[in-house]
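> Could you work out the structure for the sequence below:
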Amino acid sequence: MKNNYIKELEEKGWVEINIKISDEELLSLAKTFGEILPHPSGKIIDILVPKKAEQAIQNSFSHKFGFNSFPLHSDTAFWTIPARYVLLTSENISETATTITTFKHVLEKLNKQDLIDLEQAIYLVKTKNKTFFSKLKQKFGNQICYRYDSSTMKPLNKHAQKIEERFNEIFELLNVTKINWNSNKIIIFDNWQTLHGRESIREDLDRKLKRIYIQ
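Numbering: from 1, shown residues only. Predicted structure coming up:
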């Protein structure tokens with residue numbers, strides 16, 4: 001079964017599993033894909049709930065967007081090496097979908113000059129505790145990693161500025177997949193090859209997702 005999940009991850013960018021399991025079983029499932037990495041807060045299983053902007057941690061997505069939709073981004077883009085995989089599951093039924101697409105889907109929209117800009121784009125990644133320079137496209141070992149988060153990555157050169165403009169144009173019209181949450185659903189996505197976001201919160205203030213980082 002694990003091999004089937006890995007194959008689907010490689011081909012599609014994410015895998016959906018419909019099964020209700022305990023936190024202990026959830027961690028066991030996550031470990032089949034790699035090493036579990038703690039959230040910056042130290043938690044192994046991080047809990048995501050909707051927050052008003054004024055109630056959220058400064059510079060977090062909730063602080064910037066509140067109940068509005070979250071833009072497409074890479075998770076942990078502010079890490080030196082972003083988490084390879086991210087596991088999400090819902091504790092209850094939620095009307096607010098997680099949006100997801102592959103970088104391959106985005107790259108198909110780029111022309112030759114755009115691809116040159118993407119290769120040469122340099123960003124400043126800045127958080128409260130860390131600042132470093134990064135390219136949008138990197139290689140770790142023999143694996144390509146795309147890293148993008150407009151909240152923490154600031155374009156430094158003309159190539160990054162141009163690709164930022166193109167991404168804004170593309171994201172406005174891009175057809176994304178919507179992950180609709182029920183109480184039995186688990187998704188695991190390749191964080192190096194996908195972008196994800198969130199629809200705006202409706203009458204769904206009890207939305208509660210669990211998140212596990214995997215390397």
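
> Just checking, which helix or strand of this protein averages the lowest pLDDT?
The weakest-scoring helix or strand in the chain, judged by mean pLDDT, DSSP states H and E, is helix 61-65 (a mean of 66).

> what residues does the lengthiest strand in the chain touch?
Ranked by residue count under DSSP state E, the longest strand found in the chain is strand 94-102. Residues from elsewhere that reach strand 94-102 (C-beta atoms under 8 Å, 6 or more residues apart in numbering): 12-14, 50, 69, 72, 88, 174-181, 187, 189, 193-204, 207-209. C-beta here means a position set from N, CA and C on the backbone, and glycine is covered the same way.

> how close does the residue lying closest to residue 94 once chain neighbours are set aside get to residue 93?
Leaving aside its chain neighbours, residue 94 sits nearest to residue 181 (4.0 Å; criterion: C-beta to C-beta, 6 or more residues apart in numbering). Going from residue 181 to residue 93 by C-beta to C-beta, to the nearest Å gives 7 Å.

> In terms of neighbours, single out the busier of the two.
residue 181 (22 against 14; other C-beta atoms under 10 Å).

> about what we covered before: so the residue nearest to residue 94 sits against residue 209, correct?
Yes - if you go by C-beta atoms under 8 Å, residue 181 and residue 209 touch, sitting 7.5 Å apart.

> shared neighbours, those two?
90, 94, 98.

> Contacts only, for the first one.
The one in question is residue 90. 181-183, 185, 207-210.

> hey, what's it bridged with?
Applying DSSP bridges to residue 90 yields these beta-bridge partners: residue 209.

> In this protein, where's the longest helix?
Longest helix of the chain, by residue count under DSSP state H: helix 158-173.

> Mind listing residues that contact it?
Helix 158-173 has contacts (C-beta under 8 Å, 6+ apart) with 71-72, 106, 109-110, 114, 116-123, 136, 148, 150, 155.

> Output it as PDB, restricted to C-alpha atoms.
Extracted C-alpha coordinates of helix 158-173, given in PDB (Å, rounded to 0.1, in the frame of the first residue of the first chain):
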ATOM      1  CA  LYS A 158      14.900  41.900 -11.700                       C
ATOM      2  CA  HIS A 159      14.300  38.200 -12.500                       C
ATOM      3  CA  ALA A 160      12.500  37.700  -9.200                       C
ATOM      4  CA  GLN A 161      10.400  40.900  -9.800                       C
ATOM      5  CA  LYS A 162       9.400  39.700 -13.300                       C
ATOM      6  CA  ILE A 163       8.500  36.200 -12.100                       C
ATOM      7  CA  GLU A 164       6.500  37.700  -9.200                       C
ATOM      8  CA  GLU A 165       4.400  39.600 -11.700                       C
ATOM      9  CA  ARG A 166       3.900  36.500 -13.900                       C
ATOM     10  CA  PHE A 167       2.900  34.400 -10.900                       C
ATOM     11  CA  ASN A 168       0.300  37.000  -9.900                       C
ATOM     12  CA  GLU A 169      -1.200  36.900 -13.400                       C
ATOM     13  CA  ILE A 170      -1.200  33.100 -13.500                       C
ATOM     14  CA  PHE A 171      -2.500  32.500 -10.000                       C
ATOM     15  CA  GLU A 172      -5.500  34.800 -10.800                       C
ATOM     16  CA  LEU A 173      -6.700  32.500 -13.600                       C
END
